[in-house]
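> requesting a structural model of the entry that follows:
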Amino acid sequence: SGFPLRFFTNPKDPVKVHLVTGWESVAAHEAWIRGERNQTLLRMFAPYVDMQKIRMVHLGVDFEAI
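Next up, the predicted model:
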C-alpha cells in the first residue's frame, strides 16, 4: 500500500492480531486482495489462519495527518 503496516494484539486474547495500514482507496485495497501477491500470502498462511474468521473494516482516516 505504501503506508506503514502496524500489528496489534490484545493481551487478553493474544491469538487475535489486528493489522492497520492505509490505502489510497477502498478500490485499491480490493484490487490488492484479488492480486497474486496477496493470494500467495493467503496460501502460505492458510495452515495458521482461519480465513472464515477474518474481518475487515475500511475507515476514512488520513494516515498522513497522524
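
> now residue 27: how far from residue 57?
16 Å (CB to CB, to the nearest Å). Backbone N, C-alpha and C define where each C-beta goes, glycine included.

> of these two, which one has the most company?
residue 27 (9 against 6; other CB atoms under 10 Å).

> secondary structure element holding that one?
helix 26-34 (DSSP states H and E).

> count the neighbours of residue 22 for me.
By other CB under 10 Å, neighbour count at residue 22 equals 16.

> can you start the count at 30 instead of 1 from here on
In the new count, where the first residue is 30, that last one comes out as residue 51.

> spell out the secondary structure type for it.
For residue 51, the assignment made with DSSP: H, G, I helix; E, B strand; the rest coil gives coil.

> for residue 86, same thing?
Residue 86 ends up coil, using three-state DSSP.

> hmm, back to that, just want the angle from the helix or strand following the helix holding residue 56 to helix 55-63.
Using DSSP H and E, the next helix or strand after helix 55-63 towards the C-terminus is helix 65-74. Orientation note: helix 65-74 sits at an angle of 50 degrees relative to helix 55-63 (axes from the mean of the first three to the mean of the last three CA atoms, to 10 degrees).

> from the chain's centre, how far out does helix 65-74 sit?
12 Å (CA atoms, centre = their mean, to the nearest Å).

> can you check stretch 36-50 too?
Worked out by CA atoms, centre = their mean, stretch 36-50 lies 11 Å from the chain centre.
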